[in-house]
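[1] could you look at this predicted model? Sequence included:
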Amino acid sequence: MFGIISALGAASSWTYACYLWRKQTKYLSAAQINITKNIIAFIIFFPIILTFDFQSSFKDIFILFLSGIIGISVGDTFYIISLKKIGTRRTLTVEALSPIIATFLGSVFMEEILPFKVWVGVFIVSISLVGVAFQKTINTQYIISNKDRKEGFIFAIFSVLCAVIAAALSRSVLTQSDLNPFQTTEIRLLGSVFALLPFLGKNLTYSIRMIPLKIKLSLLFATFLGTNIGILLQQNVFKLLPIGLGWTLLSTSPVMALFLSGMEGEEVTWKTYLLTATTILGVGIVFI
């Protein structure tokens, strides 16, 4: 049960953080937002570094380090670019692909055998979310060009692939070592910061100084909510649930994003609400 609660908590915290990060793309680039949030998140959890035995856990730390580079450095940068181009709901909805990919990876590479009803639930959730992705909505605040729409979906798909691969690497460590979710979160953040350091320059420092205090506080809150809390809860999911089942629950973000649609100027249709209901049905089938 704690794994389920962690998954839904991670999905909701990530959803609201994405909404805040999209607003910050007016002031900072995707790479700047990503490296800033990762450095802040790493500093918040820094005391956890003192609990590591780097020598005896070198292999596990290396795998988590790689997971942070793939999932947080590369994947989150693609994600934020997609947020800017196509908005919160559409970007989150591309995660419709991730339950199937994650379930497949778990079955093939990690020998996680799931009951037939779980596959049915994953399929229903995925199809429903794909339907949500292609629903046309009226946006009164942002005009999305065809070019931005195509590029946004491409970046979102790449970010999902990065996230699922990183999740598989994290789960392999969490199930085979004594490292806890706090420790694995900090190692992944360390990997992401290391990979993004070459992009840390004077332009970033200058840009952060120039943005309004309200935006700085918003960035700090989004980081704590989406990166620290979000990744910590996500690591609990990877430890407690099979990757396919866990990722299905983590992918309920588009349902939660509907509550933010109005704030982004979107008018959601009844078809989207119907598809959202079938998404909830799919999740329910998994736990019958």
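    Structure received. Numbering: from 1, shown residues only.
[2] how about the contacts made by the nearest residue to Y27 once chain neighbours are set aside?
    The shortest distance from Y27 to any non-neighbouring residue, by CB to CB, 6 or more residues apart in numbering, is to I211 (4.5 Å). C-betas here are computed from N, CA, C, even on glycine. Applying CB atoms under 8 Å, 6 or more residues apart in numbering, we find I211 in contact with 24, 27-28.
[3] now with 10 Å, please.
    24, 26-28, 218-219 (CB atoms under 10 Å, 6 or more residues apart in numbering).
[4] rebuild these as JSON lines, extending it with neighbour count and pLDDT.
    Output for those, formatted as JSON lines (neighbours: other CB atoms under 10 Å; pLDDT from 0 to 100):
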{"residue": "Q24", "neighbour count": "22", "pLDDT": "84"}
{"residue": "K26", "neighbour count": "9", "pLDDT": "82"}
{"residue": "Y27", "neighbour count": "16", "pLDDT": "85"}
{"residue": "L28", "neighbour count": "23", "pLDDT": "83"}
{"residue": "S218", "neighbour count": "16", "pLDDT": "90"}
{"residue": "L219", "neighbour count": "22", "pLDDT": "89"}
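[5] among those, which are located in strands?
    In strands, judged by DSSP state E, none of those are found.
[6] low pLDDT regions in the stretch 151-288 of the chain?
    Scanning the stretch 151-288 of the chain with the threshold set as pLDDT under 70 gives 200-202, 243-244, 247, 251, 254-270, 279-280, 283-284, 286-288.
[7] what about the strands in it?
    Counting by DSSP state E, counting those that start in this stretch, the stretch 151-288 of the chain has strands at residues 266-267.
[8] the stretch 1-150 of the chain too?
    Per DSSP E, counting those that start in this stretch, the stretch 1-150 of the chain carries strands over the ranges 138-139.
[9] so, low pLDDT: which residues of it?
    Low-confidence segments of the stretch 1-150 of the chain, defined by pLDDT under 70, span residues 88-89, 92-114, 118, 129-130, 132-145.
[10] longest helix anywhere in the protein?
    Ranked by residue count and defined by DSSP state H, the top helix of the chain is helix 146-174.
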